[in-house]
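**Student:** Got a predicted structure plus its sequence, pasted below:
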Amino acid sequence: MSELSQRHYIDGEWKPSQGENFTSENPATGEIIWTGVTADSSTVNEAVKAAKEAFSSWRILSFDERNVFVDAFIGHIKAREKELAQVIHTETGKPLWECKTEIGTMIGKAAISVNAYGDGNWNSGKRS
């Protein structure tokens with residue numbers, strides 16, 4: 001098992017977990033394609049605490065400031081679109097065309113959400 005697969009990204013750092021081992025198998029071949037460790041309760045509690053603390057600074061950002069992060073996220077997905085589709089294909093056994101569609105849908109949903117929020121459909125003028 002790689003060192004990375006036994007850690008969780010929390011509050012800007014990779015942290016170890018003492019959870020249970022698990023594997024991801026290719027459903028077509030039974031080949032183990034990934035092995036990792038689940039988050040134990042202390043790791044989950046640490047992650048929740050970090051998320052609550054991060055929200056206090058996130059919530060005061062303007063729409064445009066938040067949108068910078070969404071745009072970067074979409075850019076990362078687009079840059080790795082083929083790789084992500086291949087991973088989904090390998091892990092689920094779905095046809096590759098369906099996996100590519102799934103990635104495209106994720107990109108589209110992010111854009112639709114930003115547009116809806118920016119148009120005022122979700123925003124009453126208050127920061128939330």
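**Tutor:** All right, it came through fine.
**Student:** From now on I want contacts and neighbour counts done on CA atoms only, so please keep to that.
**Tutor:** Fine.
**Student:** Now for Q6, how many residues are close by?
**Tutor:** By other CA atoms under 10 Å, 20 other residues sit near Q6.
**Student:** how many other residues sit next to the closest residue to it other than its chain neighbours?
**Tutor:** Excluding its sequence neighbours, the residue lying closest to Q6 (CA to CA, 6 or more residues apart in numbering) is V37, at 5.1 Å. By other CA under 10 Å, 19 other residues sit near V37.
**Student:** any idea how far V37 is from V44?
**Tutor:** Using CA to CA, to the nearest Å, V37 is found at 13 Å from V44.
**Student:** just to revisit the earlier point, phi and psi next, for the residue nearest to Q6.
**Tutor:** phi -130, psi 130 (degrees, to the nearest 10).
**Student:** ok, now which ones touch it?
**Tutor:** Neighbour list for V37: S5, Q6, R7, S17, Q18, G19, E20, N21, F22 [criterion: CA atoms under 8 Å, 6 or more residues apart in numbering].
**Student:** of the residues you listed, buried ones?
**Tutor:** Among those, those scoring as buried are Q6, R7, S17, G19 (criterion: 16 or more other CA atoms under 10 Å).
**Student:** The third one reaches I10, doesn't it?
**Tutor:** No. Under the contact definition of CA atoms under 8 Å, S17 does not touch I10, with a separation of 11.0 Å.
**Student:** circling back: could you dump the contacts of V37 into a markdown table and include pLDDT, distance to V70 and secondary structure?
**Tutor:** Shown next, in a markdown table, are those (pLDDT from 0 to 100; distance: CA to CA, whole Å; DSSP: H, G, I helix; E, B strand; the rest coil):
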| residue | pLDDT | distance to V70 | secondary structure |
| --- | --- | --- | --- |
| S5 | 72 | 26 | helix |
| Q6 | 78 | 28 | helix |
| R7 | 87 | 25 | strand |
| S17 | 83 | 29 | coil |
| Q18 | 84 | 32 | coil |
| G19 | 88 | 31 | coil |
| E20 | 91 | 33 | coil |
| N21 | 89 | 32 | strand |
| F22 | 87 | 31 | strand |
